[in-house]
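Visitor: Fold the following, please.
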Amino acid sequence: MKSQRWTMILVFSLILSGCITETIPDLDGDGIEDSEDNDRDGDGWDNLLEINCTTNPDDALDLPSDLDGDNICDLLDDDADGDGWSNDLEIDCLSSAYNSSINPSDLDGDGICNYLDEDIDGDKLPNNWEYERNFDPLDPEDVMICHGMSEYCLRSYDDFTFPETHNAYSAAEDGVVLGVNHYTGLQAQWDGGIRAFMVDTHHVNNEDTDAEDVRFCHGSPGQFPHPCLYSEINAFEWLSLLNSLMNSTNDECLSSCGDVVTLLIENNVPADHLEYLFNETGMYDRIYTHQLGDNWPDIGDLILMGKDLVIFWEQTGNQSYPWLHDFGEFGWTTNYAEDNPEDMECTVHRGDGSQPVWHLNNWLKSMFGVADPYRSEEVNDYDFLLNRSIECWEIMDNRPTFIAVDYWEDGEVTNVTITLNKMENWDDIIPPHP
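Guide: The predicted model follows:
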């Protein structure tokens, strides 16, 4: 009995002296009480993370699987094998989400695997489009270029904007003296990016009216003196040069490429004389014939068909010559040759406003009724012409197919069309100045 009392006194004394304390849970022995320890088992994984990873936070031997060692368990890791491809994408690409040595094929390096990529080789031409036209969708070098860009091959003819020269042949460089519309002739216009040309056909005089006598001259039929008396341009030589320039575009390409060219003819000769003219200059076989009411073909398809020349004329259509499209039936134009810039409008002046192909005429007349060389720079100015084109696009709910100017050298009509062609709609963000 006495010994029990001494034992109790001894224990009580030890407790009071602090020699005996209550045991604190510390599973990993890191000196942090388990209740406050974010990693109770000391395995380097946060308790909550282990729970989310479905492992035991109180068992240092039960570790989450982490294939790529990024401290995100495989169960929660969007890229379990750390190869830069998400698990879901690898599964969709028929690859392995848990093997970093097996990656999806991505020929063009755009982050879309070949299995899902609509443009495997990254040449801006869809795989199916290339298959159907005998291009290799797995070869970025086997590509088609239209007007300098592969993606423009996919644009329909009426969904593209072409720079156009009014009275394109009437150039001081070629000897025209009266009624000049441009300083430079066809070669410079082509080199500057012009791809649509307004021309006027006449016979050289009232006596020589055979098919061989067709010339480009400016004036009204029956006027005195004859329109070609002031100056004449040999239509055969002019069109032969155009044909050569169109061929050279194809020849200079490493792959398939080309441009579509348009002529708008103010005609004063018989249709069979025009047919003779185009046959003699090698142009006839490349003329495209459109059926009214059909959708216009894509630019790339026109080039692949070898039909890269579209011709309109300013008179009623002739069933015997369906390739001479009546511009008023197949398209329309705005007014032209206004006195002042503020007089310029976007509405239909001539033709069928329901047609998608149209000419935005953009030139002023001088006090003498001819092209104004002094104010052309004002209306051909980049900002003025771009803003007017976008405004008309909005008003007519249809992009201009052609922007026609005098003195194309003054201003930036080709740069304006480059900008417009980078836009899908009039309210797109305007791209930077080319």
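Visitor: and the closest residue to Gly42 other than its chain neighbours, how many neighbours does it have?
Guide: Of all residues not flanking Gly42 in the chain, Asp28 sits nearest, at 3.0 Å (Cβ to Cβ, 6 or more residues apart in numbering). In short, each C-beta sits where N, CA and C put it, glycine included. Each residue near Asp28 was counted by other Cβ atoms under 10 Å, and the total is 15.
Visitor: and Asp28, what does it touch?
Guide: Shown here is Asp28, whose contacts under the criterion Cβ atoms under 8 Å, 6 or more residues apart in numbering are Asp37, Asp39, Arg40, Asp41, Gly42, Ala60.
Visitor: Kindly provide the distance from it to Asp62.
Guide: Asp28 sits 14 Å away from Asp62, going by Cβ to Cβ, to the nearest Å.
Visitor: anything in contact with each of the two?
Guide: Residues within reach of Asp28 and of Asp62 at once, by Cβ under 8 Å, 6+ apart, are Asp41.
Visitor: Would you confirm that Ile395 contacts Gly353?
Guide: No: Ile395 lies out of contact with Gly353 (Cβ atoms under 8 Å); the separation is 11.4 Å.
Visitor: shared neighbours of those two, which are they?
Guide: Both Ile395 and Gly353 are in contact with Thr347, where contact means Cβ under 8 Å, 6+ apart.
Visitor: My reading is that Ser248 lies in a helix. Confirm?
Guide: Yes: the assignment for Ser248 by DSSP: H, G, I helix; E, B strand; the rest coil puts it in a helix.
Visitor: And for it, the neighbour number?
Guide: 11.
Visitor: if I look at it, how far off is Leu242?
Guide: When Cβ to Cβ is the yardstick, Ser248 and Leu242 sit 11 Å from each other.
Visitor: Assign Leu67 to helix, strand or coil.
Guide: Taken by three-state DSSP, the conformation at Leu67 corresponds to coil.
Visitor: Who are the contact partners of it?
Guide: By Cβ under 8 Å, 6+ apart, the residues touching Leu67 are Asp74, Asp77, Ala80, Asp81, Gly82, Tyr98, Ser100.
Visitor: Apply 6 Å and report the result again.
Guide: With contacts taken as Cβ atoms under 6 Å, 6 or more residues apart in numbering, Leu67 has the following neighbours: Asp74, Ala80, Asp81.
Visitor: And Val357, by the same measure?
Guide: Residues in contact with Val357, defined by Cβ under 6 Å, 6+ apart, are Asp158, Gly331, Thr401.
Visitor: Need the nearest residue in space to the last one, chain neighbours excluded.
Guide: Which is Thr401. Using Cβ to Cβ, 6+ apart and skipping residues adjacent in sequence, the residue nearest Thr401 is Val357, 4.7 Å away.
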